[in-house]
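Peer 1: the following comprises the amino acid sequence and a computationally predicted model.
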Amino acid sequence: QKEVEQNSGPLSVPEGAIASLNCTYSDRGSQSFFWYRQYSGKSPELIMFIYSNGDKEDGRFTAQLNKASQYVSLLIRDSQPSDSATYLCAVNIRSGGGADGLTFGKGTHLIIQP
Amino acid sequence: DAGITQSPRHKVTETGTPVTLRCHQTENHRYMYWYRQDPGHGLRLIHYSYGVKDTDKGEVSDGYSVSRSKTEDFLLTLESATSSQTSVYFCAISEGQGGFEQFFGPGTRLTVL
């Protein structure tokens, strides 16, 4: 069973601080890793993806990947109240027909306190 | 936003009734997916398609069937709805396989009484 694990939270962070979200995965063969943001009652929105070990930065967001430890994280700098949402970690899986679905973690609920 | 629409957006039905949900895309992406999202379970893959008339099962396919007769449309059918199929259903699309990013539609909230 291929799994993706996240702390469900809530994770409470003061406005302007760094929010750190973590995710572990069980399948060593996974190659692609994604972070989605989901506001209550809305659909998941892709905010970052990473394929290689190390850091990838995009604006206030940094994704970090460590394949040896099977660990991926998302850092949000200068956190804003609008960052309050559930963050889903997703990892690609190989399905029988050759198309990759995604295995999702259950998400971390992030609250940015003004 | 990716050009993905889902219909209906909300539906209430009774146990034993057939239900069809529609996903329509204007991006001409080859791959399309159906997920369900439930509290405590997160998002789970139901079925996916890798081309017209090419589909395969996901993690939670029992009780569901799909069809794709055109690139732009992917239908999810509950042959005989049960209360356990009450959920929010999301369609997603991707341009390619091998870990290409997926983009989600707005979702359909289905309640089976």
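Peer 2: Received the coordinates, thanks. Numbers count the residues shown, from 1 in each chain, chains lettered A, B, ... in the order given.

Peer 1: could you find the closest non-adjacent residue to the residue of chain A at minimum distance from chain B?
Peer 2: Chain B sits closest to residue A:32 of chain A, with a gap of 2.7 Å, by Cβ to the nearest Cβ. For the C-beta atoms, the positions are set from N, CA and C on the backbone; glycine is no exception. With Cβ to Cβ, 6 or more residues apart in numbering or on different chains as the criterion, residue A:32 has its nearest non-adjacent residue at 2.7 Å, and that residue is residue B:99.

Peer 1: what count of nearby residues applies to the residue of chain A closest to chain B?
Peer 2: Residues lying near residue A:32 (other Cβ atoms under 10 Å in any protein chain shown) number 17.

Peer 1: with residue A:109 instead?
Peer 2: Neighbourhood size, residue A:109 [other Cβ under 10 Å]: 18.

Peer 1: how about it, phi and psi?
Peer 2: Backbone geometry at residue A:109, expressed as degrees, to the nearest 10, gives phi -90, psi 120.

Peer 1: quick check: bridge partners of it?
Peer 2: Per DSSP bridges, the residues bridged to residue A:109 are residue A:86.

Peer 1: you'd agree it is up against residue A:7?
Peer 2: No. Using Cβ atoms under 8 Å, residue A:109 makes no contact with residue A:7, being 9.5 Å away.

Peer 1: residue numbers of chain B in contact with chain A?
Peer 2: Proximity of chain B to chain A, by Cβ under 8 Å from any Cβ of the partner chain, involves residues B:31, B:33, B:40-45, B:48-50, B:54-59, B:90, B:94, B:97-107.

Peer 1: would you mind giving me the ChimeraX syntax to select the buried ones in the residues you listed?
Peer 2: Under the burial definition 16 or more other Cβ atoms under 10 Å in any protein chain shown, those of the residues of chain B next to chain A that qualify are selected in ChimeraX by:
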select /B:31,33,42,43,44,45,48,49,50,55,56,57,58,59,90,94,97,99,100,101,102,103,104,105,107
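
Peer 1: re earlier: pretty sure the residue nearest to residue A:32 is touching residue A:29, no?
Peer 2: No. Assessed by Cβ under 8 Å, residue B:99 is found out of contact with residue A:29, at 11.3 Å.

Peer 1: ranges for the strands of the chain?
Peer 2: With no chain named, the answer covers chain A. A:4-5, A:11-14, A:19-25, A:33-38, A:45-50, A:54-58, A:61-66, A:71-76, A:85-94, A:100-104, A:108-113 (DSSP state E).

Peer 1: you looked at the wrong chain, it should be chain B
Peer 2: B:4-7, B:10-13, B:19-25, B:31-38, B:42-51, B:54-57, B:64-70, B:73-78, B:87-94, B:103-104, B:108-112.

Peer 1: in a markdown table, list those strands along with mean pLDDT.
Peer 2: Shown next, in a markdown table, are these (pLDDT from 0 to 100):
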| stretch | mean pLDDT |
| --- | --- |
| strand B:4-7 | 98 |
| strand B:10-13 | 98 |
| strand B:19-25 | 98 |
| strand B:31-38 | 95 |
| strand B:42-51 | 92 |
| strand B:54-57 | 92 |
| strand B:64-70 | 97 |
| strand B:73-78 | 98 |
| strand B:87-94 | 96 |
| strand B:103-104 | 95 |
| strand B:108-112 | 98 |
